[in-house]
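>>> Curious how this folds, go ahead:
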Amino acid sequence: MTQSSSELALITHEGGCHCGKIQWEIEAPAHLQTHTCNCSICALSHYQHLIVPKHRFHLLSGEAELGEYRFGSGLAAHYFCNTCGIKSFYIPRSNPDGVSVHARCLNPATVLSITDTPFDGQNWEKNAASLAHLSKA
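Just a heads-up that it's a prediction; the model follows:
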């Protein structure tokens, strides 16, 4: 099944952290394709990945409020709000040319649907290439 051009048209979605200090927007379709990962950090936070190219992510406010966490390879930059602790976006190791926003941190007013696909991050090395196309275009 192919998607129509209206399903692929980009709109602006707003999102951010729980307390509102971190605010951003992305350009993405109204019908979203996300991934829920089972790796150690994503499983604990129930992170629902929506990966977009970096040029389609815009941090609107809160840069001074961002904390950063890196682990393992140190390549992924996990950003969280220093006040409420919510990680609403990060730079993934699988897509260093993109940004993964937490779909649960989006304002739902602009989201028409979400189709979520499980991602086996416990076997990241074997599966990471399947996400590479998400940060292109």
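>>> for the helix ranked longest in the chain, which positions count as buried?
Of all segments of type helix in the chain, defined using DSSP state H, the longest is helix 40-45. Neighbour-count burial for helix 40-45, counted by 16 or more other C-beta atoms under 10 Å, picks out Ile41, Cys42, Ser45. C-beta here means a position set from N, CA and C on the backbone, and glycine is covered the same way.
>>> Same question for stretch 118-127.
Using 16+ other C-beta under 10 Å as the test for burial, stretch 118-127 gives Phe119, Gly121, Trp124.
>>> chain center to it: distance?
Distance of stretch 118-127 from the chain centroid (C-alpha atoms, centre = their mean, to the nearest Å) equals 16 Å.
>>> can you map out the helices along this structure?
5-8, 40-45, 124-127.
>>> name the helices or strands packed onto the second one?
Contact here means 3 or more C-beta pairs under 8 Å, 6 or more residues apart in numbering; DSSP states H and E; on that basis helix 40-45 packs against no helix or strand.
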